[in-house]
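Undergrad: Here is my input; please provide its structure:
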Amino acid sequence: MIPFFVAAFLTAKISDWVTLSIFVIAAITDALDGYIARKQNIVTDFGKLMDPLADKLMVMAAFICFTAAGIIHPLITVFVMAREFFVTGLRSIATSKGKVIAADIWGKAKTVSQYTAIIVILVKSATHSANESFLGILAVICIALMTALTLISVLNYCLKNKEFFKG
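TA: Residues are numbered from 1 along each chain as shown. This is a model prediction of the structure:
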């Protein structure tokens with residue numbers, strides 16, 4: 001869905017509602033996939049690694065688009081991307097040592113907050129709401145919460161996996 005989202009976002013002739021719909025469908029299918037995997041007990045190491053990677057790529061694509069459009073400050077995008085690359089690297093190191101680092105509650109809260117912020121930003125854009133409007137203020141709050149949860153989650157991964165920083 002990422003290429004369709006980016007194409008829709010960058011194409012002025014396509015409605016902002018289409019862009020929002022693509023993102024929401026991607027988010028729903030991601031959640032549904034995880035729910036079905038857990039419910040039917042078909043959780044795999046591959047899924048533990050690839051599902052968070054797909055989440056990261058979708059979020060990064062959205063934030064890069066938002067930065068290019070002047071919606072999000074570049075430092076927030078760089079911070080979010082740095083966290084995602086860091087955790088992915090940490091997972092790679094762990095995998096090479098025979099350990100799988102699955103997403104925990106802070107990583108999941110971070111992902112939910114990122115998806116929520118993205119959806120609020122897309123709704124704000126689709127409704128052409130002003131920055132001072134309810135949606136504008138809500139977008140700022142969502143971005144602040146998402147940034148805080150991004151920081152908390154990366155610190156949590158570091159603390160829980162500090163053995164990979166030795167040597």
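Undergrad: State the helix or strand in which the spatially most central residue of the chain lies.
TA: Centroid-nearest residue in the chain, with C-alpha atoms, centre = their mean: Val59, separated by 3.7 Å. Taking DSSP states H and E as the criterion, Val59 maps to helix 45-68.
Undergrad: Show me what that helix is packed against.
TA: Counting contacts by 3 or more C-beta pairs under 8 Å, 6 or more residues apart in numbering; DSSP states H and E, helix 45-68 packs against helix 2-10, helix 16-39, helix 74-96, helix 105-126. C-beta here means a position set from N, CA and C on the backbone, and glycine is covered the same way.
Undergrad: What residues of it count as buried?
TA: By neighbour count with 16 or more other C-beta atoms under 10 Å, helix 45-68 contains the buried residues 48-49, 51-52, 55-56, 58-67.
Undergrad: Now the closest residue to Lys48 other than its chain neighbours: phi and psi?
TA: Once flanking residues are discounted, Lys48 sits nearest to Ala102: 4.7 Å by C-beta to C-beta, 6 or more residues apart in numbering. Torsion angles at Ala102 (phi, psi; degrees, to the nearest 10) stand at phi -80, psi 160.
Undergrad: one step back: for the residue nearest to the centre of the chain, which residues are in contact?
TA: Each residue near Val59 by C-beta atoms under 8 Å, 6 or more residues apart in numbering is listed here: 80, 84, 111, 114-115, 118.
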